[in-house]
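Enquirer: structure of the sequence below:
(one chain, ligands or ions: 1)
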Amino acid sequence: MRKEHPWLYAESIRSLSREGASGDLAVIFDRKRKLLALGLFDPDSPIRIRVLHRGGPRAIDREFFAERLREAAGARAHLAAEGTSAHRVANGESDGLPGLVVDRYERTIVLKLYTAAWQPHLGEVLAAVDEVLAPERVVLRLARAIATPFSERSGIRDGDVLTGAPLAGPVVFRERGLALRCDPARGQKTGFFLDQRDNRARVAELARGKSVLDAFSYTGGFGLSAARGGATRVLSLDASRVALEEARANFALNRGHPAVASCAHETAHGDAFDELARLGAAGRRFDLIVLDPPALARTQADVAGALRAYARLAELGARLLADGADFVMASCSARIGANELAAAVHAGSARAGRRLRELERSAHACDHPVRFPEGAYLKCLFLRAE
Ligand code: SAH
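Expert: The predicted structure follows:
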């Protein structure tokens, strides 16, 4: 097994003492029968074992999970001081809880499972969450790949409230002092894109006095941060009407901030490729453009097409840039690296006759530590039109 790597693929296992069931604890030995690690057995995934613990014997129980949660929560304690009440408490593999994400929105905790192997341990995980995080409720979310078989086996569906009070409308949380609504039961990811928090903060710093286009806006996070940072106008563009309604609600919720109240907010509904072209044809220009599309390459076979799509977006976006404008391009495709993304962006903007100078590159927010290569999915490029 690769040192420190949290996954064991089926083909790297030489022998099994018996066929395991989903969620069984696997005890991993090397060729010399030395105990190496304990992990969660998952017969339904090519990632056959996810490592929970390395080294000598150890009980995997409520206390084990509580310890992991305490450690992870302790590393995020500083976020509350900056007016942020939603964050990733535990980032799966990188916090020693492989295939399990724990997010906090105020006092609502969301558990998101990426493997059904957590099912037999859910009771103990919930007890640990109660003890360490004292939530008002715990919502369960299921990754798309496991949702149907998990629900058939357990009777628990994606979005179910497992403990505590049922959800009565959106949960309102704070990000750097801004109020934001989210739906932890049905929203994307666990309700909000917490991974972009630091990049939204950077956009707020860049936004003073600017007209901003926030494309793929979801519920308005980047645009609202820009407004708070002093943007004069923000256009939120998304293909989802529900997301745009939420973006409007989020702007309304923050009218108490003079900068937000004085920012003109518009929304545009439609496919971003069409809408960006339409804005260009209408002669619109912006001083700051954020493009944060969904993962365009979900499998290796999608990579070439996705790079063409990023280049096309950069081309369409570059046509809308005022001189000296800032351009922010994010990619959450794990299979596309920052260099490839940058190359696609430069190729696309060149087709629009614009040269972009790269100012900086960034990645996930600080509460999304990444301790293994496959965990690094988010790239964000900050560029400026010359
Ligand atoms: N920037 C957001 C997260 C974006 S998630 C934030 O910081 O919170 C990606 C968004 O792209 C989703 O809201 C989805 O509805 C939207 N989307 C997906 N395909 C699209 C398309 N072709 N055109 C416009 N929006 C699209």
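Enquirer: residue of the stretch 1-150 of the chain closest to the ligand, please.
Expert: Closest contact between the stretch 1-150 of the chain and the ligand, by CB to the nearest ligand atom, is at residue 86 (11.6 Å). (Glycine included, C-beta is placed from N, CA and C.)
Enquirer: check which helix or strand residue 346 maps to.
Expert: Assigned by DSSP states H and E, residue 346 belongs to helix 338-351.
Enquirer: which of the residues in that helix are buried?
Expert: Across helix 338-351, burial judged by 16 or more other CB atoms under 10 Å covers 338, 340-342, 344-349.
Enquirer: near the ligand, which residues of this protein?
Expert: Within the chain, the positions near the ligand by CB under 6 Å from any ligand atom are 193, 196, 216-218, 221-222, 238-240, 243, 271-272, 292, 294.
Enquirer: ok, now with 5 Å
Expert: Taking CB under 5 Å from any ligand atom as the criterion, the chain approaches the ligand at residues 193, 196, 216, 218, 221, 238-240, 243, 271-272, 292, 294.
Enquirer: chain neighbours aside, what residue packs nearest to residue 346?
Expert: residue 356 (6.5 Å; CB to CB, 6 or more residues apart in numbering).
Enquirer: what sits against the residue of the stretch 1-150 of the chain closest to the ligand?
Expert: With contact taken as CB atoms under 8 Å, 6 or more residues apart in numbering, residue 86 is in contact with 103-106, 173-175, 180, 182, 192, 194.
Enquirer: tell me which two of those sit farthest apart.
Expert: Maximum pairwise distance in the contacts of residue 86, criterion CB to CB, is 14.4 Å, between 103 and 174.
Enquirer: comparing the two, which residue is more hemmed in?
Expert: The neighbour comparison of residue 103 against residue 174 (other CB atoms under 10 Å) goes to residue 103, with 25 against 16.
Enquirer: give me the sheet partners of the helix or strand that one falls within and which way each runs.
Expert: Assigning secondary structure by DSSP H and E places residue 103 in strand 100-105. With DSSP bridges as the test, strand 100-105 is paired with strand 86-91 (antiparallel), strand 108-113 (antiparallel).
Enquirer: so for the helix or strand just after the last one, what gets flagged as buried?
Expert: Same thing as strand 108-113. Later in the chain than strand 108-113, the nearest helix or strand by DSSP H and E is helix 122-133. Buried residues in helix 122-133, counted by 16+ other CB under 10 Å: 122, 124-130, 132-133.
Enquirer: just stretch 62-80 next, same as before
Expert: Across stretch 62-80, burial judged by 16+ other CB under 10 Å covers 62, 64-66, 68-69, 72-73, 76, 79.
Enquirer: need the worst-confidence member of those.
Expert: Least confident entry in those, by pLDDT: residue 79, with 91.
Enquirer: thought it was touching residue 87?
Expert: Yes - with contact defined as CB atoms under 8 Å, residue 79 reaches residue 87; the gap is 5.0 Å.
Enquirer: overlap in contacts, the two.
Expert: residue 367.
Enquirer: check which helices and strands the helix holding residue 346 sits against.
Expert: Under the contact criterion of 3 or more CB pairs under 8 Å, 6 or more residues apart in numbering; DSSP states H and E, helix 338-351 touches helix 303-318, strand 321-331, strand 356-362, strand 379-385.
Enquirer: what is the mean pLDDT for the first one?
Expert: Right, helix 303-318. Helix 303-318 shows a mean pLDDT of 97.
Enquirer: go on, stretch 176-184?
Expert: 97.
Enquirer: distance from the chain centre to it, please.
Expert: Distance of stretch 176-184 from the chain centroid (CA atoms, centre = their mean, to the nearest Å) equals 15 Å.
Enquirer: tell me the buried residues in it?
Expert: Applying a neighbour-count criterion of 16+ other CB under 10 Å, one finds 178-184 buried in stretch 176-184.
Enquirer: go through the residues you listed and flag which are in strands.
Expert: Applying DSSP state E to these, the entries found in strands are 178-182.
Enquirer: residue ranges with poor pLDDT in the stretch 201-350 of the chain?
Expert: Scanning the stretch 201-350 of the chain with the threshold set as pLDDT under 70 gives no residue ranges.
Enquirer: helices along that one, start to end?
Expert: Under the criterion DSSP state H, counting those that start in this stretch, the stretch 201-350 of the chain carries helices at the ranges 221-228, 241-253, 258-261, 272-281, 303-318, 338-351.
Enquirer: skipping adjacent residues, who's closest to residue 146 in space?
Expert: Of all residues not flanking residue 146 in the chain, residue 116 sits nearest, at 4.9 Å (CB to CB, 6+ apart).
Enquirer: spit out the contact partners of the nearest residue to residue 307 once chain neighbours are set aside.
Expert: Among residues not flanking residue 307 along the chain, residue 344 sits closest, at 4.8 Å (CB to CB, 6+ apart). The contact partners of residue 344, taken as CB under 8 Å, 6+ apart, are 307-308, 310-311, 314.
Enquirer: how close does residue 344 get to residue 291?
Expert: Distance of residue 344 to residue 291, given as CB to CB, to the nearest Å: 12 Å.
Enquirer: and for those two, which residues touch both?
Expert: residue 314.
Enquirer: quick one: residue 49 from residue 60, how far?
Expert: Going from residue 49 to residue 60 by CB to CB gives 13 Å.
Enquirer: more neighbours: the two, which one.
Expert: Taking neighbours as other CB under 10 Å, residue 49 and residue 60 compare with residue 49 leading, 29 against 15.
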